[in-house]
Every structure is written in C-alpha cells, then in structure tokens.
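> Here is my input, please return the structure:
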Amino acid sequence: MQTWQIQEAKSHFGAVIDCAMTQGAQLVTRRGQNVAVILSVKDYEQLSGKKNSLMNLLMNAPKGEALKIDRSLDPVRELVL
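Residues are numbered from 1 along each chain as shown. Modelled structure (predicted):
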C-alpha cells in the first residue's frame with residue numbers, strides 16, 4: 001500500500017485515484033498519523049458486500065409504464081409437415 005501525505009494527495013489527487021484503481025488501496029497520512037484509505041469502487045464493493053448483481057440491478061430498476069402488446073388476430077397459417 002502506497003502512503004501519501006495529505007498535502008501531496010491533494011495536489012496529485014488524480015494520481016492517487018489512478019493508483020487506487022491499478023495498485024490497490026492508498027494510505028493518506030496527516031502529521032505522520034494514518035487518517036484515510038482511498039479505495040477503488042471495485043475494492044470497496046468487495047469489502048462492503050454491496051456488489052451489484054444483475055438481479056439486484058433489475059429489482060431496483062426504475063418502474064416505467066406498463067408494457068402494452070397488441071397481438072395480431074390473423075389466423076395462423078397452416079403448416080405442412
């Protein structure tokens with residue numbers, strides 16, 4: 001885990017985020033004390049158990065209008081076997 005002083009992390013925030021995404025968690029210190037850890041979303045979801053599954057995505061999708069399907073009333077053609 002790479003360590004960043006808080007002032008350095010502020011100045012190079014984009015680099016800190018890039019490192020979190022490619023190398024893993026990034027530790028931020030203030031006056032020599034550990035104060036924060038920056039994680040990628042993937043790592044956070046893995047730790048928190050909030051990984052989105054297809055079922056979770058579908059169950060929480062916005063509700064739209066009811067689907068209206070018009071079915072043809074024409075007779076089905078005959079099939080020769």
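> Show me the shaky parts of this structure.
Within the chain, the set of residues satisfying pLDDT under 70 comprises 50-52.
> got the residue ranges for the strands in it?
Remark: strands of the chain, listed N- to C-terminal, are 2-5, 26-30, 33-38; assignment by DSSP state E.
> Quick one: closest of those to G49.
Evaluated over the strands of the chain, closeness to G49 peaks at strand 33-38, with 17.5 Å, by CB to CB. In this view, the C-beta of every residue, glycine as well, is placed from N, C-alpha and C.
> Dump the closest one to CSV, keeping only the CA atoms.
Listed next in CSV are the C-alpha coordinates belonging to strand 33-38 (Å, rounded to 0.1, in the frame of the first residue of the first chain):
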residue,chain,number,x,y,z
GLN,A,33,-0.7,9.6,11.5
ASN,A,34,-2.8,7.4,9.3
VAL,A,35,-6.1,9.2,8.6
ALA,A,36,-7.7,7.8,5.5
VAL,A,37,-7.6,5.0,2.9
ILE,A,38,-8.6,5.6,-0.7
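> So what touches it?
Contact with strand 33-38 is made by M1, I6, A9, V16, I17, A20, A25, Q26, L27, V28, T29, as judged by CB atoms under 8 Å, 6 or more residues apart in numbering.
> possible to save the residues you listed as TSV with neighbour count and distance to L54?
As requested, the contacts of strand 33-38 are exported to TSV (neighbours: other CB atoms under 10 Å; distance: CB to CB, whole Å):
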residue	neighbour count	distance to L54
M1	10	32
I6	14	39
A9	21	36
V16	18	32
I17	14	27
A20	21	26
A25	15	27
Q26	22	30
L27	14	34
V28	17	35
T29	15	40
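> Of all the strands of the chain, which one is nearest D70?
Ranking the strands of the chain by proximity to D70 (CB to CB) places strand 33-38 first, at 53.3 Å.
> For the longest helix belonging to the chain, name the packing helices and strands.
Among the elements of type helix in the chain, defined by DSSP state H, the one spanning the most residues is helix 13-23. Secondary structure elements in contact with helix 13-23, counted by 3 or more CB pairs under 8 Å, 6 or more residues apart in numbering; DSSP states H and E, are strand 2-5, strand 26-30, strand 33-38.
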